[in-house]
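Asks: Sharing a sequence plus its predicted fold:
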Amino acid sequence: MKIMLFHFYGTGEGRSIIEWMADLTVRAPFPHVGSMKESAALAAAKHEARTAVGYALLRAIAEGEQLWTQRRSHHEKPA
């Protein structure tokens, strides 16, 4: 799955979708909250959960690139 995500990100459409998802997750601004402590804590927890999803997706793409590079280097024949 990670290698597939890496290749998907390498396409124009895939990159657009991943960038859009990053906008919704890791690049989303911290929400404005009221003055109540409980509201701020709930907003922080929601924001943290949202960014965790985005970071997991971006980490999977990076790990997919590493796996693809390792796979390619193992299949190359020495000169």
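Replies: Okay, I see it.

Asks: where's residue 17 relative to residue 53, distance?
Replies: Using Cβ to Cβ, to the nearest Å, residue 17 is found at 14 Å from residue 53. Every C-beta, even on glycine, is put in place using the N, C-alpha and C of the backbone.

Asks: how about low-confidence regions in the chain?
Replies: Along the chain, segments meeting pLDDT under 70 span 77-79.

Asks: Go through it and flag its longest helix.
Replies: Ordering each helix of the chain by length in residues (DSSP state H) puts helix 37-75 first.

Asks: Show me what it is packed up against.
Replies: helix 2-9, helix 12-24 (3 or more Cβ pairs under 8 Å, 6 or more residues apart in numbering; DSSP states H and E).

Asks: helix, strand or coil for residue 31?
Replies: coil (DSSP: H, G, I helix; E, B strand; the rest coil).

Asks: Nearest residue to it in space, please, no chain neighbours.
Replies: residue 43 (4.7 Å; Cβ to Cβ, 6 or more residues apart in numbering).

Asks: what sits against that neighbour?
Replies: By Cβ atoms under 8 Å, 6 or more residues apart in numbering, residue 43 lies in contact with 30, 31, 33.

Asks: Most neighbours among those, please name it.
Replies: In terms of neighbours by other Cβ atoms under 10 Å, those top out with residue 33 at 15 neighbours.

Asks: what about it, distance to residue 70?
Replies: Counting by Cβ to Cβ, the gap from residue 33 to residue 70 is 44 Å.

Asks: repeat for residue 22
Replies: Distance from residue 22 to residue 70, by Cβ to Cβ: 25 Å.

Asks: cool, and residue 32?
Replies: As for residue 32, its distance to residue 70 is 44 Å (criterion: Cβ to Cβ).
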